[in-house]
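Enquirer: A predicted structure for the sequence below; I have some questions about it.
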Amino acid sequence: MKPLDLQTLANFADGSTAACEGLFASRVVTDSRQAQPGDLFVALKGQNYDAHDFLPQVIASGATACLVQKGRALSSDTCAMVEVEDTLSGLQALARGYRSLLHPIIIGLTGSNGKTSTKDLTAAVMSCQMRTRATLGNLNNHIGVPLTLLSLEEEDECGIIEMGMNHAGEIKTLVDIALPDAAIVTNVGMAHIEHLGSQDAIAWEKGTLPANVHSQGIVVLNADDRYTPLIARHCQATVYQAGLTAGDVRAFDLRTTAEGTFFRLDFSGEVVDAFLPILGEHMVGNATLAACMGWAHGISPADITAALSSARLTGGRMELKNINGIQFIDDAYNANPDSMKAGLTALAKLQNRGRRIAVLGRMGELGPHAIEGHHSVGRHAALAGIHAIFTVGDEAALISQAAEAAGLKESQNFPTHEACAAHLKALLQPGDVVLIKGSRSAGMEKVLTHFQTP
């Protein structure tokens, strides 16, 4: 963060403070364990925690100031107190005020699947031409978005802000903080349908982002998504489309290898060869969105393909790990029916000398669609052409059952990650490829941990 005097920060947060003359803060943190001199610590409150309880430790760390709820300030000779009505609202207002001081291109990014991967790919592309900063990991909610904005430096020319949601209205809150100049919507799927109720409602919520990009801005939408025409109609910005079947930027002639995917990119008539060191057709689709955003900002196709060829994703997303000659595809960070099917399709298309095996966990936030959602993944696994499917946990057993009913001969459910890993140790041979995937709550990365344990 650009160093700012404490009074300016207090004004941004609509807070009050005393004895702040000459004090500056150069970083905003919400974790008391990270607090250090020069920091403004924000004492957030949640259902199961209250960071005000850790103010003595923050003061002892030498932090410059604390943003606290009115009436909760502590007396300190070394650490100033900024009092606000609500610390979360104060953090969001602080980020909105700070964003107004800087003038980078802000690209907002949302979608049901592939947000973080597309964010990583877009950052790689935009970095060709601009000093770019992007959301770390998946800090994409009502706390993460403000913190990302507050991490921008004065020299940054582009900020890529991932925006997630669970409930209606949450995207608009994030948009009002970030005030994006451009937007990408990866797709509209079934993620979070438990809270939104229908795919139409999810589309409306996701469409809030591009609809609020100003008229001089740029919006990139997925040409392969059926909701794109609807979302495009509500945009005032210039709309581009990208995808695998159509679009201003289109990928074709895909060829998958164990190292990644070779393909060609058509930039409205200018065709170039490309390579993505990441598995999966769906990842190539994400790459077209990133490529289109860069192209719309004047980056050449040659520079874009060079950036994609060396791109790296945040961990747990189609990450290749070779363990004793066995190739694991670690896609354990999260899952929903659409991303599960995309992962299974990617696995099935691999040209390897051994077996193709999927190890899957439950999918969360499906509500009344949970049974059919899990069954649909099982049916897809059977039809995709993989050799075996193993699942962990009671709810994931629905996947195994549907796969067996659809004709997959080798399918089994295990009660624990450890039991599944033990079965894999006895079964797998060099040349086999194993996809590991499930919702965050399923903790499927534990299968890998147990597999590597002697």
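Expert: Looks like it arrived, so ask away.
Enquirer: contacts only, for residue 177.
Expert: By C-beta atoms under 8 Å, 6 or more residues apart in numbering, the contact set of residue 177 is 92, 95, 96, 99, 145, 146, 149. C-beta: built from backbone N, CA, C; applies to glycine.
Enquirer: now the residues you listed as TSV including secondary structure?
Expert: Below are the contacts of residue 177 laid out as TSV (DSSP: H, G, I helix; E, B strand; the rest coil):
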residue	secondary structure
92	helix
95	helix
96	helix
99	helix
145	helix
146	helix
149	helix
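Enquirer: now render those residues as CSV, adding neighbour count.
Expert: CSV is the format used below for the contacts of residue 177 (neighbours: other C-beta atoms under 10 Å):
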residue, neighbour count
92, 21
95, 24
96, 17
99, 22
145, 24
146, 28
149, 28
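Enquirer: is it possible to export those residues to a markdown table including distance to residue 196?
Expert: Below are these laid out as a markdown table (distance: C-beta to C-beta, whole Å):
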| residue | distance to residue 196 |
| --- | --- |
| 92 | 22 |
| 95 | 25 |
| 96 | 26 |
| 99 | 27 |
| 145 | 19 |
| 146 | 23 |
| 149 | 26 |
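Enquirer: list just the nearest of those to residue 280.
Expert: residue 145 (27.0 Å; C-beta to C-beta).
Enquirer: verify the contact between the closest one and residue 163 for me.
Expert: Yes - using C-beta atoms under 8 Å, residue 145 makes contact with residue 163 at a distance of 6.4 Å.
Enquirer: any shared contact partners between these two?
Expert: With C-beta under 8 Å, 6+ apart as the test, residue 145 and residue 163 both reach 174, 178.
Enquirer: for stretch 176-190, give the mean pLDDT please.
Expert: Here stretch 176-190 scores 93 as its mean pLDDT.
Enquirer: residues of that stretch that come out buried?
Expert: 177-178, 180-190 (16 or more other C-beta atoms under 10 Å).
Enquirer: got it, and stretch 213-225?
Expert: So, applying 16+ other C-beta under 10 Å, buried residues of stretch 213-225: 213, 217, 218, 219, 220, 221, 222, 223, 224, 225.
Enquirer: return the closest of those residues with respect to residue 42.
Expert: Checking the buried residues of stretch 213-225 against residue 42 by C-beta to C-beta gives residue 213 as the nearest, at 28.1 Å.
Enquirer: how close does that closest one sit to residue 103?
Expert: 16 Å (C-beta to C-beta, to the nearest Å).
Enquirer: also residue 152?
Expert: From residue 152 across to residue 103, the span is 10 Å (C-beta to C-beta).
Enquirer: compare these two and say which is more crowded by neighbours.
Expert: residue 152 (21 against 11; other C-beta atoms under 10 Å).
Enquirer: so which strand or helix has the more buried one?
Expert: Assigned by DSSP states H and E, residue 152 belongs to no helix or strand.
Enquirer: still on that earlier bit, check the buried residues of stretch 213-225 and tell me the two furthest apart.
Expert: Greatest spacing in the buried residues of stretch 213-225, by C-beta to C-beta: 217 and 224 (22.6 Å).
Enquirer: that older thread, among the buried residues of stretch 213-225, which are located in strands?
Expert: Within the buried residues of stretch 213-225, residues falling in strands by DSSP state E are 218, 219, 220, 221, 222.
Enquirer: give me the most central residue, the protein.
Expert: residue 116 (2.7 Å; C-alpha atoms, centre = their mean).
Enquirer: quick check: that residue touching residue 318?
Expert: No - here residue 116 lies out of contact with residue 318, judged by C-beta under 8 Å, at a distance of 11.1 Å.
Enquirer: anything in contact with each of those two?
Expert: With C-beta under 8 Å, 6+ apart, residue 116 and residue 318 have no common neighbours.
Enquirer: what ranges does the stretch 151-300 of the chain have for its helices?
Expert: Counting by DSSP state H, counting those that start in this stretch, one finds helices in the stretch 151-300 of the chain at the ranges 170-178, 193-196, 199-211, 228-233, 281-296.
Enquirer: out of those, deepest packed?
Expert: Mean neighbour count (mean count of other C-beta atoms under 10 Å) peaks for helix 281-296 among the helices of the stretch 151-300 of the chain, with a mean of 27.
Enquirer: pLDDT of that one, averaged?
Expert: When pLDDT is averaged over helix 281-296, the result is 96.
Enquirer: likewise for stretch 248-268?
Expert: Here the average pLDDT along stretch 248-268 is 93.
Enquirer: can you show me the CA trace of it as PDB?
Expert: What follows is stretch 248-268, C-alpha atoms only, in PDB (Å, rounded to 0.1, in the frame of the first residue of the first chain):
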ATOM      1  CA  ASP A 248     -13.500 -12.700 -31.100                       C
ATOM      2  CA  VAL A 249     -10.700 -14.900 -29.700                       C
ATOM      3  CA  ARG A 250     -11.200 -18.700 -30.300                       C
ATOM      4  CA  ALA A 251      -9.000 -21.700 -29.600                       C
ATOM      5  CA  PHE A 252      -9.100 -24.700 -31.900                       C
ATOM      6  CA  ASP A 253      -7.000 -27.800 -32.900                       C
ATOM      7  CA  LEU A 254      -6.500 -28.800 -29.300                       C
ATOM      8  CA  ARG A 255      -3.900 -31.600 -28.600                       C
ATOM      9  CA  THR A 256      -3.500 -32.800 -25.000                       C
ATOM     10  CA  THR A 257      -0.200 -34.200 -23.700                       C
ATOM     11  CA  ALA A 258       1.000 -35.100 -20.300                       C
ATOM     12  CA  GLU A 259       2.700 -31.700 -20.100                       C
ATOM     13  CA  GLY A 260      -0.200 -29.600 -21.200                       C
ATOM     14  CA  THR A 261      -2.200 -28.600 -24.200                       C
ATOM     15  CA  PHE A 262      -1.100 -27.400 -27.700                       C
ATOM     16  CA  PHE A 263      -3.700 -25.400 -29.600                       C
ATOM     17  CA  ARG A 264      -4.200 -22.600 -32.000                       C
ATOM     18  CA  LEU A 265      -5.600 -19.200 -31.200                       C
ATOM     19  CA  ASP A 266      -7.600 -17.100 -33.700                       C
ATOM     20  CA  PHE A 267      -7.600 -13.400 -32.800                       C
ATOM     21  CA  SER A 268     -10.400 -12.400 -35.300                       C
END
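Enquirer: what residues sit buried inside it?
Expert: 248, 249, 250, 251, 254, 256, 260, 261, 263, 265, 266, 267.
Enquirer: may I see the residues you listed arranged in TSV, with distance to residue 138 as well?
Expert: TSV is the format used below for those (distance: C-beta to C-beta, whole Å):
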residue	distance to residue 138
248	28
249	25
250	28
251	25
254	27
256	26
260	22
261	23
263	26
265	27
266	31
267	29
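Enquirer: among the residues you listed, which lie within strands?
Expert: Short answer: the buried residues of stretch 248-268 in strands (DSSP E) are 249, 250, 251, 254, 256, 260, 261, 263, 265, 266, 267.
Enquirer: list the contacts of the residue nearest to the fourth one when sequence neighbours are not counted.
Expert: Counting by C-beta to C-beta, 6 or more residues apart in numbering, the nearest residue to residue 254 once its immediate chain neighbours are dropped is residue 263, at 4.6 Å. For residue 263, the residues meeting the contact criterion (C-beta under 8 Å, 6+ apart) are 251, 252, 253, 254, 255, 274, 275, 276, 284.
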